[in-house]
Structure formats: C-alpha cells, structure tokens
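Enquirer: got a predicted structure plus its sequence, pasted below:
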Amino acid sequence: DTGVSQNPRHKITKRGQNVTFRCDPISEHNRLYWYRQTLGQGPEFLTYFQNEAQLEKSRLLSDRFSAERPKGSFSTLEIQRTEQGDSAMYLCASSRGGSRTDTQYFGPGTRLTVL
Amino acid sequence: EDQVTQSPEALRLQEGESSSLNCSYTVSGLRGLFWYRQDPGKGPEFLFTLYSAGEEKEKERLKATLTKKESFLHITAPKPEDSATYLCAVQVSGTYKYIFGTGTRLKVLA
C-alpha cells in the first residue's frame, strides 16, 4: 500500500473564491472519509463514502461544501465562496471495510488558508 | 450526545519517565476505540484499535487498554521521539464516522 495521498498539500486563497481538494485512498479501500481539523482540536467528521455512494454527511457541512467520489476511487472536496472560518487542515482517510476491521488510515492533509 | 474527552491536554515528561494518557467516552454503543499519533503538520498515524472492555494492545513503548468507560495509553520509558499529539477516537455503533477527542500533546525532554 502506498498510503492515502492528498493534493494540494497547501492552498492559500482569497475569501469568496472556490477551492477543490483531491484525495486518493489506499487501493482497494472502499470507504473514504473527509475530516476537518483546526488548531488544537481533533479531526471533525465531514462526510463518508462507501464506493461511490455518499452515505453520511455532518450537519456541520454547509451547502457551500460538496464532495464526490465518481468512480469509487479518488474523491474531491469543493468549498464554494470560501470564508475565513474555513481555514483549517482538511484530512482524508480510507478504510478497507468489513464487519469489524474498519481502521481508518489518514492522508497528510491539505492546509487551507483563506485570506 | 456521543462525546470523547482526553486528559491531560498537555504533558511534559523527562526521558524514561513513564506515564499514562486518558481517554474517557460516552457513547450510545461502542463499535471500536482507536489511538492515533499526530506530528505537527501531518495526518494522524494509526497506533491501536480496541474493541471490547479488557482488551490490551502493545507496540514498542506503548500499551493501550480499554474499559467500559475509558481507555488508557501507557507510555513506558519514553524517548524524545515519542513527542507528538496523541488522539483518541471512537466509532459509534450504527455509523462509520470517528468522533475524536482534542488530543494530549506530549513532550519528552532529553
């Protein structure tokens, strides 16, 4: 396994702009998750995919956030009309699935700064 | 409401000084409890999964234990390279998302 990869690693944008992040999970992992982490806090769940189906979304995910996993492989997270409060580390994780073994493996994250 | 609380928030140890980190949880049903290590600017690195009370897992200087209400991460004779933030997460029955605590920032001094 090559691990979960995320691109870009860093993104600086101006308020009001749209941004898109990409996540490539570990191959053959059918579950993919997005989390957001701010300084001094633990990761906070945003959304979850099983294959291409988005099965769970946090109430915190406003309508400016959208995520896709079109072919059940990589995923994208888009934030429209960014706000300064969106500045955070966006983490992607994947897991193999199965009734019990569902350990999530995290990527290095994308650090977003909104000016 | 499902909740995870970690203590202490920060911990400074001398090299070789053993200690324990605590993760207490209140959930409707526990599917699993997970420990991760996170270095600054990086994603969490998986350490352990615990499923049921009484379970223990060990890896090098780390040992994780689980009861019905809390988990401990014991660090024996820590080294400076063990300095990191240690995160605890729970997976609640009926869902696949993790609920994380805020972490314990560990600093081990040489």
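Expert: Done, it's in.
Enquirer: which parts of chain A sit against chain B?
Expert: Contacts of chain A with chain B, taken as C-beta under 8 Å from any C-beta of the partner chain, map to A:4, A:31, A:33, A:35, A:40-45, A:48, A:50, A:55-56, A:58, A:91, A:93, A:95, A:100, A:102-109, A:111. C-betas here are computed from N, CA, C, even on glycine.
Enquirer: buried among these? Make that a ChimeraX selection.
Expert: In ChimeraX, this line selects whichever of those come out buried by 16 or more other C-beta atoms under 10 Å in any protein chain shown:
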select /A:4,31,33,35,42,43,44,45,48,50,58,91,93,95,102,103,104,105,106,107,108,109,111
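Enquirer: what are the bridge partners for the closest residue to chain A within chain B, then?
Expert: As assessed by C-beta to the nearest C-beta, chain A sits closest to B:Phe100 within chain B, at 3.1 Å. In this entry, B:Phe100 is beta-bridged to B:Ala89, by DSSP bridges.
Enquirer: same check on A:Ser75?
Expert: A:Cys23.
Enquirer: buried residues, stretch A:62-74. List them.
Expert: A:Phe65, A:Ala67, A:Arg69, A:Ser73, A:Phe74.
Enquirer: what's the lowest-pLDDT member of these?
Expert: Confidence by pLDDT is poorest for A:Ser73 among the buried residues of stretch A:62-74, given 90.
Enquirer: would you confirm that that one contacts A:Cys23?
Expert: No: A:Ser73 is not in contact with A:Cys23 according to C-beta atoms under 8 Å; the separation is 10.0 Å.
Enquirer: among the buried residues of stretch A:62-74, which two are most distant?
Expert: Maximum pairwise distance in the buried residues of stretch A:62-74, criterion C-beta to C-beta, is 20.6 Å, between A:Phe65 and A:Ser73.
Enquirer: what does stretch B:52-72 contact?
Expert: With contacts defined as C-beta atoms under 8 Å, 6 or more residues apart in numbering or on different chains, stretch B:52-72 is touched by B:20-26, B:33, B:35, B:47-51, B:73-79, B:82, B:88.
Enquirer: chain B against chain A: which residues are in contact?
Expert: Residues of chain B lying near chain A (C-beta under 8 Å from any C-beta): B:4, B:31-32, B:34, B:36, B:41-46, B:49, B:51, B:87, B:89, B:91, B:95-103.
Enquirer: quick revisit: list the ones among the contacts of stretch B:52-72 that fall in strands.
Expert: Counting by DSSP state E, these place B:20-26, B:33, B:35, B:47-50, B:73-75, B:88 in strands.
Enquirer: filter these down to the buried ones.
Expert: Buried, going by 16+ other C-beta under 10 Å: B:21, B:23-25, B:33, B:35, B:47-50, B:73, B:75, B:88, out of these.
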